[in-house]
Every structure is written in C-alpha cells, then in structure tokens.
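Student: sequence and predicted structure, then a few things I'm wondering about:
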Amino acid sequence: MRLTHAPLRVVIGAFILNSGLGKRTLEGEAAAGMHGMAVGAIPQLGELEPDRFAKLLSRAEIALGAALLAPFVPSALAGLGLAGFGAGLVQLYLKTPGLREPNSLRPTQAGIPIAKDSWLVAAGLTLVLDSFTHRRRRR
C-alpha cells in the first residue's frame, strides 16, 4: 500500500467495517426491509432469505473494510472490491423509485444518502488507476 493511499483506505475501510459489524445481528423486519430494497435493484437477490442476505452483506462489508485497512492488501485489489461494492449501491440508487428526481440523475432528499455512495466507485477506481499508473512510471 502506498502512503498516499492510506487516508482514503483508512477512512473508507473503517466506515465500511463499522457498517458490516453493525449488521451482524440484523434480523426480522430490519433484515427484510434491507433485503426488499436490494431485491428492487437486483432481483436475483430475491432467492435469498432476508436474514441470510443480511448476514452475507455484513460479512462482505467486514471483509471489504478489513481489506481496505490491511496494508498488505494491494491497493489495486482493495480498489476493485470497493468499486464493485460501490457499483452495487449505485445500482440500488438508480433502480429504487423515489430516490431520483423524475427523468434525472439528481437525487431527491431521500436519495441523497445513497447517491453519495457513488463516491465509493470513484475512490475505488482512483486506487486501481493510481496503482497501475504508478507501476508504469517506476519502470
């Protein structure tokens, strides 16, 4: 991990790790609500039971957060994971009714918290691209 990647990786990694840890005990209505929103964006997730979905999401967030925080995980790999995770959240934003202004990408008040997840895609791609361009410059 490059020192210049540390601020981005530590802040985002800690945030995602904390989110995953908070979802470890998610069950019942809370899990069903989160699952229902995810199914609206990615219908294939409907095959999972809500409690199972919540557990898998929790584990995925814990793993991604830990990978971002671990200095031995290459930034390109951590960035790919972050960009992929962020892309799933952007898909949720784009496909969930009421989160965007009609015929626009602009978020409604309800959509602002999820629209902000587009930054995760940008941060992940920055880690990946910087890793590859840095390698090229060193040669």
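Tutor: That came through, no problem.
Student: outside of the one helix or strand in the chain whose mean pLDDT sits lowest, which residues touch it?
Tutor: The weakest-scoring helix or strand in the chain, judged by mean pLDDT, DSSP states H and E, is helix 118-138 (a mean of 85). The contact list for helix 118-138 (Cβ atoms under 8 Å, 6 or more residues apart in numbering) reads 2, 4-5, 8-9, 12, 74-76, 78-87, 89-90, 93. C-beta coordinates here come from the backbone N, C-alpha and C atoms, glycine included.
Student: and Arg106, backbone torsions?
Tutor: Backbone torsions for Arg106, taken as degrees, to the nearest 10, come to phi -70, psi 130.
Student: wait, it touches Arg100, no?
Tutor: Yes. Using Cβ atoms under 8 Å, Arg106 is in contact with Arg100, at 6.5 Å.
Student: the more surrounded of those two?
Tutor: Shown here are Arg106 and Arg100; by other Cβ atoms under 10 Å, Arg100 has more neighbours (19 against 11).
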